[in-house]
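Asker: kindly generate the corresponding structure for this input.
(one chain, ligands or ions: 1)
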Amino acid sequence: MTVLLDCINKKINTNCIWLMRQAGRYLPEFRKIRSVNQDFIKLCLNANLSSEITIQPLKRFDIDAAIIFSDILLVPHSLGQTVNFKKDFGPQLDEIDFNKVSSIDETYFVDKLKPVYNAIKKTKDKEELKDKDLIGFVGAPWTILVYMLNQKSPKKENLNHKFKDKKLVEDLLKILVKFLKIHIENQINSGATIIQIFDSWAGLLKEKDYDKYIYNPTIDLVNFVKSKNIPVICFPKGINDYKNYVSLVKPDVISIDYDVDPKKISDSIDIAVQGGLNPNFLIGSKDELKTNVRKYLDIFRDKSYIFNLGHGVLPNTNPSMVDYLVKFVKNYS
Ligand code: 1CP
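Answerer: Residues are numbered from 1 along each chain as shown. This next block holds a predicted model:
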């Protein structure tokens with residue numbers, strides 16, 4: 001058993017912790033590799049380097065899991081849509097060619113993603129990961145679709161005209177569900193022990209659209225992961241109603257964002273919960289950080305809870321604050 005699985009099943013009374021974006025730009029050792037690897041997609045598809053980056057935070061901090069260094073946008077890339085990461089702008093995708101995307105077959109897709117699977121295989125046997133989980137992940141179909149149609153990070157209200165083409169949206173969602181399952185299956189077969197589904201743009205939708213674009217496609221993926229006897233964590237960032245999401249989608253763990261009231265979640269949800277802390281607290285004072293971390297740990301004291309953030313570690317975070325956080329969580333009782 002790993003610490004995280006014990007925490008999910010509430011078999012132990014010590015706290016467990018990992019952090020979204022625990023590998024990344026706030027770490028000087030990551031920035032060093034990144035500075036000589038300008039092409040971000042290529043870096044993700046370099047199995048040796050992505051395995052090394054995955055382990056970097058475990059060398060520094062006593063965290064309970066690794067998450068494979070990769071990106072949710074490798075899926076559009078592997079479906080033939082060019083993705084560039086531009087400095088100070090974020091991802092930029094070429095306009096979608098639906099005919100091209102719909103002609104991609106499994107062999108082509110898996111071949112493109114082979115380095116991710118090789119990185120998982122290399123990482124799972126590393127000493128630093130002994131008795132720890134290796135988390136594999138995908139973007140939820142809706143979030144991937146948002147990037148594929150919008151071609152860049154969306155801000156509220158500015159989804160482009162392509163979203164009005166309901167047939168395109170529905171056909172693309174079906175294709176994504178199929179390929180995301182393939183990507184999940186290959187990560188599991190390579191050694192991922194938990195799967196997290198990131199629906200970072202769930203908050204863009206109105207509730208009337210949740211069934212079609214969030215619940216139904218995600219349920220399909222969640223059931224698929226469960227059929228492999230692997231726990232699944234869902235992070236529907238910005239969704240209005242976590243309780244309803246949990247009762248319909250039924251993940252093993254629900255990861256909450258920083259805008260939700262943890263007390264309300266604790267009172268209304270009876271599955272394992274992850275996360276919540278606003279990553280901005282890692283940029284403020286230690287006292288303020290401590291007060292807010294204590295709030296989450298106290299509220300979820302008698303529940304199955306995995307400590308994490310309500311979104312990823314920010315690039316301007318000082319690693320010494322992460323160190324302080326991890327030690328505080330581990331020693332708090
Ligand atoms: O150096 C750089 O410029 C790259 C920064 C970076 C990193 C470190 C990006 C670009 N992606 C990643 C890695 C990454 N992405 C991981 C690795 C594992 C870890 O957490 O340590 C994971 C899990 C992701 C997932 C991811 N990518 C999400 C879902 C989580 C979230 O942040 O909401 C999303 C939306 C992306 C897309 C993405 N990748 C990178 C950027 C700048 C973006 C766009 C974010 C946005 O639109 O706001």
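Asker: which parts of the protein sit against the ligand?
Answerer: 20-25, 34, 40, 67, 69-73, 85, 90-91, 137, 153, 198, 200, 312 (C-beta under 6 Å from any ligand atom). Where you see a C-beta, it was placed from the backbone N, CA and C, and this is true even at glycine.
Asker: which residues touch residue 16?
Answerer: Going by C-beta atoms under 8 Å, 6 or more residues apart in numbering, residue 16 touches 3, 4, 6, 7, 64, 306, 307.
Asker: again, 10 Å this time
Answerer: 2-8, 63-65, 133, 274, 304-308, 329-330 (C-beta atoms under 10 Å, 6 or more residues apart in numbering).
Asker: now it. Nearest residue, chain neighbours left out?
Answerer: residue 7 (4.1 Å; C-beta to C-beta, 6 or more residues apart in numbering).
Asker: helices and strands around the one helix or strand the one you found maps to, which ones?
Answerer: In the assignment (DSSP states H and E), residue 7 maps to helix 3-8. Under the contact criterion of 3 or more C-beta pairs under 10 Å, 6 or more residues apart in numbering; DSSP states H and E, helix 3-8 touches strand 16-17, strand 65-67, strand 133-139, strand 194-198, strand 253-256, strand 272-275, strand 305-307.
Asker: how distant is the third one from the center of its chain?
Answerer: This means strand 133-139. Relative to its chain's centre, strand 133-139 lies at 7 Å (C-alpha atoms, centre = their mean, to the nearest Å).
Asker: dump the C-alpha coordinates for that strand into CSV.
Answerer: The C-alpha trace of strand 133-139 is given here as CSV (Å, rounded to 0.1, in the frame of the first residue of the first chain):
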residue,chain,number,x,y,z
ASP,A,133,2.3,6.6,-6.3
LEU,A,134,3.1,7.8,-9.8
ILE,A,135,0.1,9.8,-11.0
GLY,A,136,-0.8,9.8,-14.7
PHE,A,137,-3.2,12.3,-16.1
VAL,A,138,-5.4,13.6,-18.9
GLY,A,139,-7.3,16.8,-19.5
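Asker: residue ranges of the helices in the stretch 1-150 of the chain, please?
Answerer: Here the stretch 1-150 of the chain has its helices, by DSSP state H, counting those that start in this stretch, at 3-8, 28-35, 40-44, 47-60, 74-78, 98-103, 106-124, 141-150.
Asker: and what of the stretch 201-333 of the chain?
Answerer: Under DSSP H, counting those that start in this stretch, the stretch 201-333 of the chain gives helices at 210, 216-227, 242-249, 262-268, 286-299, 319-331.
Asker: can you list the weak-confidence ranges in the stretch 51-200 of the chain?
Answerer: 156-157 (pLDDT under 70).
Asker: for this structure, which helix is longest?
Answerer: helix 166-190 (DSSP state H).
Asker: angle of that helix against helix 141-150?
Answerer: 120 degrees (axes from the mean of the first three to the mean of the last three C-alpha atoms, to 10 degrees).
Asker: packing partners of helix 166-190?
Answerer: Contacts defined by 3+ C-beta pairs under 10 Å, 6+ apart place helix 166-190 against helix 74-78, helix 98-103, helix 106-124, strand 133-139, helix 141-150, strand 194-198, helix 216-227.
Asker: and it, which residues are buried?
Answerer: Buried residues in helix 166-190, defined by neighbour count with 16 or more other C-beta atoms under 10 Å: 169, 172-173, 175-177, 179-188, 190.
Asker: columns mean neighbour count on top of the helices and strands packed on helix 166-190, output as TSV?
Answerer: Below are the helices and strands packed on helix 166-190 laid out as TSV (neighbours: other C-beta atoms under 10 Å):
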stretch	mean neighbour count
helix 74-78	22
helix 98-103	13
helix 106-124	18
strand 133-139	23
helix 141-150	24
strand 194-198	24
helix 216-227	19
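Asker: dump these to CSV, plus distance to residue 44.
Answerer: Below are the helices and strands packed on helix 166-190 laid out as CSV (distance: least, C-beta to C-beta, whole Å):
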stretch, distance to residue 44
helix 74-78, 6
helix 98-103, 20
helix 106-124, 7
strand 133-139, 12
helix 141-150, 15
strand 194-198, 15
helix 216-227, 21
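Asker: can you verify my assumption that residue 91 contacts residue 154?
Answerer: No. Counting by C-beta atoms under 10 Å, residue 91 does not reach residue 154; the two are 11.0 Å apart.
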